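[1] Quick one: sequence and predicted model below, then my questions.
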Amino acid sequence: MNNQLPLLVFTDLDGTLISHDGYSWDAARPALNFLRNIGAGIVMASSKTAPEIIALRRDLDLEQWPAIVENGAGFLAPNSRAAPPNAPYLALRQVLQSVPTELRRHYRGFGDMDVDEIALTTGLTPDAAELAGQRAFSEPGLWTGSAAERAEFLSVLAEHKVSAREGGRFLTLSFSQTKADQMAEIIATYQPRHTVALGDAPNDVEMLEAAEFGVIVANPHREPLPVLDGEKTGKIIRTALAGPEGWNKAMLDLVTNLEIEQGNRHV
């Protein structure tokens, strides 16, 4: 019997698997259940922190799979419920505090906010906002300055090897790896027959392009992603439905097209 993992799914969360407004994945349950039945792996790949992912991974019954946290800056091992050390985050905050005041004042990161402000800014409950504030690798924040000031801000950070990724709502700063970097290592470990990545934001583009199949999930709350090279060949598609509804239909259609049968479970 061929025990090769039939499919490994890498998915963004907010605006993709989880709805933008209600933080619900109910509409994606049919596809999630089908993926479990065929033995597919599901890897969360998000800007969320390890404590957030630990809770979500437990709720979604995906603890047996690794996760990509904080926009690819961190990795969470399968079945791990321990938050990683936060030394990279503390170093990142030191760099941020060294930015000239005329630029720094336009960026308000989670480290500048209390739990109530994080909750108000994100729409999370206070308990969930507390988890979102427990950073280990990266700093999401809101930019309020001009485009020219933003470019100068990022240039100053780049001198300290800090890069920025634009997600669904926030400009996220970090020192290290991207979602695609972590994805490559996970693929090398599991060696699946097929891979697919789903996302809705600029910080998902590298991941979408690196997978065998990419799905851009519609998000009416942000500007659509520009046309990607993979769309010209059909390697990357776009959903008409938004969030978990689009995720659900795209995954069910893909599994049907790949003719992966239920019962083809990975051992």
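    Arrived safely, thanks for sending.

[2] Just say helix, strand or coil for the closest residue in space to S98 that isn't next to it in sequence.
    Of all residues not flanking S98 in the chain, H160 sits nearest, at 7.6 Å (CB to CB, 6 or more residues apart in numbering). Every C-beta, even on glycine, is put in place using the N, C-alpha and C of the backbone. What DSSP: H, G, I helix; E, B strand; the rest coil gives for H160 is coil.

[3] heads up, I number from 51, so please use that
    Got it, first residue is 51 now, which makes that one H210.

[4] neighbours around H210, how many?
    Using other CB atoms under 10 Å, H210 has 14 other residues around it.

[5] for T175, same thing?
    Quick note: T175 (other CB under 10 Å) scores 11 neighbours.

[6] Just to be sure, F60 is in a helix?
    No - per three-state DSSP, F60 lies outside any helix segment and is strand.

[7] That one - nearest residue in space that isn't next to it in sequence?
    The shortest distance from F60 to any non-neighbouring residue, by CB to CB, 6+ apart, is to A247 (4.4 Å).

[8] Identify the residues contacting stretch 199-212?
    Stretch 199-212 is contacted from outside by 142, 145-146, 148-150, 153-154, 156-157, 193, 195, 213-214, 221, 223-225, using CB atoms under 8 Å, 6 or more residues apart in numbering.

[9] swap the cut-off to 7 Å and go again
    Residues outside stretch 199-212 that contact it (CB atoms under 7 Å, 6 or more residues apart in numbering) are 142, 145, 149, 153, 156-157, 193, 214, 223, 225.

[10] And the worst-scoring helix or strand of the chain on mean pLDDT, what's buried?
    Between all helices and strands in the chain, the lowest mean by mean pLDDT, DSSP states H and E belongs to strand 213-216, at a mean of 86. Under the neighbour-count criterion of 16 or more other CB atoms under 10 Å, strand 213-216 has 213-215 buried.
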